[in-house]
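Asker: from the sequence below, what's the structure:
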Amino acid sequence: MNGVKQESPLGRTPSSAGSSTIFASPIPPLNSHHYYFSDASTVIGNGIGGLRRSARAKATGRRESHHRTQSNGNSSVASNGLGIRSASDRDGSTTSPTTDGQPQKKKQKRNKPTLSCFECVERKTKCDRGRPHCLACIKRQTECKYALVANLLEETTRSAANGRRMTKAPKKRQGSQTDRTFNTNAADRGFNTNRVNGLASVAVATSTGLLSNVPYSAPGSSNVFGIGSEHPFANYWTCEGGLPEVISVLPDKQNADILIARYFECVDPVYPMLHRQTFYADYEHFWQLSRPDKDCAEPAFVALIFVMLALGTQFVTTTSPRERKQTAEFYASASNQALRMSSYLSMASLKSIQAMVLITYFLINDNHASDGWAFGGILMRQAYAMGLHRDPNIVAPDASFFEKQQRRKVWQAVLLQDTFLTVLLSLPPSATHTDVSVDDLIEDNSSIASDDPTDTAYIRGSWTLANLVQETICSPRSLDVPICATVRHKSKLVADFRAVYRSFPDIFRSWDADALSQLAQSNKRVVRQTLFLSSNYFHNLMLVHASESPDVPVNVRGTLEAAHDAIAAFFVLFALFESEAKVWWVFNHRAFLEALCIGNVLREVAREPGGEENMARDPLFVRARADIHRMVQIMQLMGEGEQASETARTRVQVLSEFLL
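Answerer: Numbers count the residues shown, from 1 in each chain. Down below sits the predicted model:
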């Protein structure tokens, strides 16, 4: 209108608002050129393809110009066979002879970035950029230094090829190993080749560490991970009972209060997804209802209560392990039945998503990782269907600030669960498409339903770490592809992880066993968060250091340092919260994989000339061996007595092989 753009309610112009612009991209004008670059940023913006098109266009233009000049004399415009002007004619620095007889201006060379090292450019020799060191420079015994633009271009190519949308492994080099299985990361190398080969028909890409959790000598193909051999939800329900039948098995309020409090004490610090104040308001209101009104309550909320009771029961210490397991599984079955009554497969809500997240964690702790993985797949589809992966300011602009924050918190809970479970299982990530920003999760001190600032910092730290892990580790490991393709790539990735760690608040970084022991007397919640965040971070850093490819060796010292910091978090958790450490399957399995990685690295070092002597003399290797020994001791404790775990006994057998 009168040349002035009208703003839409969302602050956008009418042409950019609406769903149609989500998939549309602006069409470049016909006179825009994507061939020539004046600086490094322009090169990166247009990519390698633009650079190659530029070279081809220029070469074509020169040939055509030479041909037309010979046949037609002083032709001012050189054209190719398609009637398109050559690259040299499109260059603004080049002009044709003018009609007034003035001399033609001198052609200027464009600022073309060099893709070879300086030594090779000066000597006009071939630069072998595909290797960690230029062979030509090795022969000359000179240092191979790449131009800045070449480094940036290589990084751009690497990012495009190895991003989260990876669907196939890179092509093998001539002379490379034909069998890539289980060889790309020292953390994933097997302890029993026969067992790996026996399961190859089931899941070739599953991590060897995962197979170590199999408590059976010969798992069948019908059981993907070898654990959870029964349906996780026992059937106690009739066809016509409905929600009233589920509500009838609720414990009395006093016992329910104890279990809910146990949930908020042990589980909520690690996964702070629920807002405690608003939950307790709804919870107390539910108990004040009459029985007929309870029978008409929201089924998803009933499911949420029951799964919280189930998780709280897992961490109770006043009952026998057998009774605790049966009661927890009964409550989990009731939660699943309440979800069925809510038609959760076709109708999703924040409460149903919250309940499904907690059910997945319950199944994993209950030694049903296979079922937890499958149930998490349904959860992911429901979260996508609800639009939780979208920025609330776009899909729910009229929602309150608190409601938007709740959507963000639930999505980050889904993202964290998917990301860190896929790391442990070496399976593809699912929560890959989102525009929700971690920076939008901020504190609202003015609200009556404000969050704990420490919880917010913990969520932001976990969320930032998950974003990095999902993109750089989950996708490559799911296809058994090296995490790092070049030495430079590995250095940059380690720097990215360290930058994320520096972004954590000091309270989560500056700790040792003694300091946490003192803090546990006054603030156990922060202690739990510190240990879980540290374990997650250092485990993934260990995977980066342990990554291996034909051009990138394992960083032995970096791997052992990161593995020690990761497994030390489990040792402190076991020392301070022994009963809880026995329940957390994720923490247990992660610590076992760390011990397995340490053992594999030590075994390979011992095979080198003088390796045994070096291991006995170097404090780093001595400490690494002590970490395995301590892990074996803990697994022995978990494999004995009334709470004996067959999985723990299997882990003892596996790790003991490294101590021989």
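Asker: run a quick neighbour tally on residue 270.
Answerer: Residue 270 has 20 neighbouring residues, counting by other C-beta atoms under 10 Å. C-beta: built from backbone N, CA, C; applies to glycine.
Asker: also residue 660?
Answerer: Neighbour tally, residue 660, other C-beta under 10 Å: 4.
Asker: hmm, residue 579 and residue 317 touching each other?
Answerer: Yes: using C-beta atoms under 8 Å, residue 317 is in contact with residue 579, at 5.2 Å.
Asker: what about those two, which has more around it?
Answerer: residue 579 (13 against 10).
Asker: gap between residue 658 and residue 383?
Answerer: Here the distance between residue 658 and residue 383 works out to 40 Å (C-beta to C-beta, to the nearest Å).
Asker: oh sorry, the question was meant for residue 281
Answerer: Residue 281 is 25 Å from residue 383, by C-beta to C-beta.
Asker: compare those two (neighbour count), which wins?
Answerer: The neighbour comparison of residue 281 against residue 383 (other C-beta under 10 Å) goes to residue 383, with 24 against 12.
Asker: if you count contacts, what does the helix or strand harbouring residue 579 end up packed against?
Answerer: Applying DSSP states H and E as the criterion places residue 579 in helix 578-583. Applying 3 or more C-beta pairs under 8 Å, 6 or more residues apart in numbering; DSSP states H and E, we find helix 578-583 packed against helix 556-576, helix 585-606.
Asker: so which bits of the longest one are buried?
Answerer: For helix 585-606, the neighbour count (16 or more other C-beta atoms under 10 Å) marks 585-602, 605 as buried.
Asker: tell me the helix or strand right after that helix.
Answerer: helix 611-617.
Asker: contact partners of that next one?
Answerer: 602, 605, 606, 608, 621, 622, 625 (C-beta atoms under 8 Å, 6 or more residues apart in numbering).
Asker: coming back round to it: among the helices and strands packed on helix 578-583, show the one with the smallest mean pLDDT.
Answerer: Ranked by mean pLDDT, those bottom out at helix 585-606, with a mean of 93.
Asker: next, the angle from that helix to helix 556-576.
Answerer: 140 degrees (axes from the mean of the first three to the mean of the last three C-alpha atoms, to 10 degrees).
Asker: on that earlier part again, what mean pLDDT does the helix holding residue 579 have?
Answerer: 93.
Asker: same deal with stretch 390-397?
Answerer: 93.
Asker: cool, stretch 313-325 as well?
Answerer: 91.
Asker: wait, what's in contact with residue 494?
Answerer: Contacts of residue 494 by C-beta under 8 Å, 6+ apart are 541, 544, 545, 558.
Asker: now, the residues you listed that are in strands?
Answerer: Among the contacts of residue 494, DSSP state E puts none in strands.
Asker: which stretches of the protein have low pLDDT?
Answerer: 1-184, 189-230, 444-451, 643 (pLDDT under 70).
Asker: in CSV, list the contacts of residue 494 along with neighbour count and distance to residue 533.
Answerer: CSV is the format used below for the contacts of residue 494 (neighbours: other C-beta atoms under 10 Å; distance: C-beta to C-beta, whole Å):
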residue, neighbour count, distance to residue 533
541, 26, 12
544, 23, 17
545, 28, 19
558, 16, 20
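Asker: for residue 372, phi and psi?
Answerer: phi -60, psi -40 (degrees, to the nearest 10).
Asker: show me what contacts it?
Answerer: 360, 361, 363, 364, 421.
Asker: try residue 540
Answerer: Residue 540 touches 423, 465, 469, 473, 497, counting by C-beta under 8 Å, 6+ apart.
Asker: could you check which helix or strand contains the second one?
Answerer: Read that as residue 465. Per DSSP H and E: helix 453-469 holds residue 465.
Asker: the helix or strand that comes right after that helix: which residues count as buried?
Answerer: Next along the chain after helix 453-469, taking DSSP H and E as the criterion, comes helix 475-478. Within helix 475-478, the residues scored as buried using 16+ other C-beta under 10 Å are 475, 476, 477, 478.
Asker: again with stretch 256-272
Answerer: 256, 258-260, 262-264, 266-272.
Asker: now render those as TSV, adding secondary structure and distance to residue 302.
Answerer: Below are the buried residues of stretch 256-272 laid out as TSV (DSSP: H, G, I helix; E, B strand; the rest coil; distance: C-beta to C-beta, whole Å):
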residue	secondary structure	distance to residue 302
256	helix	12
258	helix	19
259	helix	15
260	helix	13
262	helix	19
263	helix	15
264	helix	18
266	helix	22
267	coil	19
268	coil	19
269	coil	25
270	coil	24
271	coil	20
272	coil	22
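Asker: and for residue 353, the neighbour number?
Answerer: Residues lying near residue 353 (other C-beta under 10 Å) number 25.
Asker: my guess is it meets residue 387, correct?
Answerer: No: counting by C-beta under 8 Å, residue 353 sits too far from residue 387 to count as a contact (11.2 Å).
Asker: returning to that earlier point: show me which of the contacts of residue 540 are buried.
Answerer: By neighbour count, with 16+ other C-beta under 10 Å, the contacts of residue 540 hold 423, 465, 469, 473, 497 as buried.
Asker: hmm, back to that, closest one of the buried residues of helix 475-478 to residue 309?
Answerer: Lowest distance from residue 309 to the buried residues of helix 475-478 (C-beta to C-beta) belongs to residue 478, with 34.6 Å.
Asker: give the contact list for the closest one.
Answerer: Contacts of residue 478 by C-beta under 8 Å, 6+ apart are 205, 422, 426, 427, 428, 429.
Asker: what about those residues, which are in helices?
Answerer: Here DSSP state H is the test, and the contacts of residue 478 give residue 422 as lying in helices.
Asker: now tabulate the contacts of residue 478 in JSON lines and tack on distance to residue 564.
Answerer: Shown next, in JSON lines, are the contacts of residue 478 (distance: C-beta to C-beta, whole Å):
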{"residue": "205", "distance to residue 564": "28"}
{"residue": "422", "distance to residue 564": "24"}
{"residue": "426", "distance to residue 564": "22"}
{"residue": "427", "distance to residue 564": "27"}
{"residue": "428", "distance to residue 564": "29"}
{"residue": "429", "distance to residue 564": "27"}
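Asker: buried ones only from the contacts of residue 478, please, as a ChimeraX command.
Answerer: Of these, the buried ones can be selected in ChimeraX as follows, counting by 16+ other C-beta under 10 Å:
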select :205,422,426,427,428,429
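Asker: the helices and strands packed on helix 578-583: which one's closest to residue 415?
Answerer: helix 585-606 (15.3 Å).
Asker: alpha carbons of the closest one, as PDB, please.
Answerer: Provided in PDB are the C-alpha atoms of helix 585-606 (Å, rounded to 0.1, in the frame of the first residue of the first chain):
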ATOM      1  CA  TRP A 585      20.100 -48.600  34.200                       C
ATOM      2  CA  VAL A 586      21.300 -45.700  32.000                       C
ATOM      3  CA  PHE A 587      24.000 -44.700  34.500                       C
ATOM      4  CA  ASN A 588      25.000 -48.300  35.100                       C
ATOM      5  CA  HIS A 589      25.300 -49.200  31.400                       C
ATOM      6  CA  ARG A 590      27.100 -46.000  30.600                       C
ATOM      7  CA  ALA A 591      29.700 -46.700  33.300                       C
ATOM      8  CA  PHE A 592      30.100 -50.200  32.000                       C
ATOM      9  CA  LEU A 593      30.800 -49.000  28.500                       C
ATOM     10  CA  GLU A 594      33.400 -46.600  29.900                       C
ATOM     11  CA  ALA A 595      35.100 -49.400  31.700                       C
ATOM     12  CA  LEU A 596      34.900 -51.500  28.500                       C
ATOM     13  CA  CYS A 597      36.500 -48.700  26.500                       C
ATOM     14  CA  ILE A 598      39.300 -48.300  29.000                       C
ATOM     15  CA  GLY A 599      40.000 -52.100  28.800                       C
ATOM     16  CA  ASN A 600      40.100 -52.000  25.000                       C
ATOM     17  CA  VAL A 601      42.500 -49.100  25.000                       C
ATOM     18  CA  LEU A 602      44.800 -50.700  27.600                       C
ATOM     19  CA  ARG A 603      44.800 -54.000  25.600                       C
ATOM     20  CA  GLU A 604      45.800 -52.200  22.400                       C
ATOM     21  CA  VAL A 605      48.600 -50.200  24.200                       C
ATOM     22  CA  ALA A 606      49.900 -53.500  25.800                       C
END
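Asker: much appreciated, bye for now.
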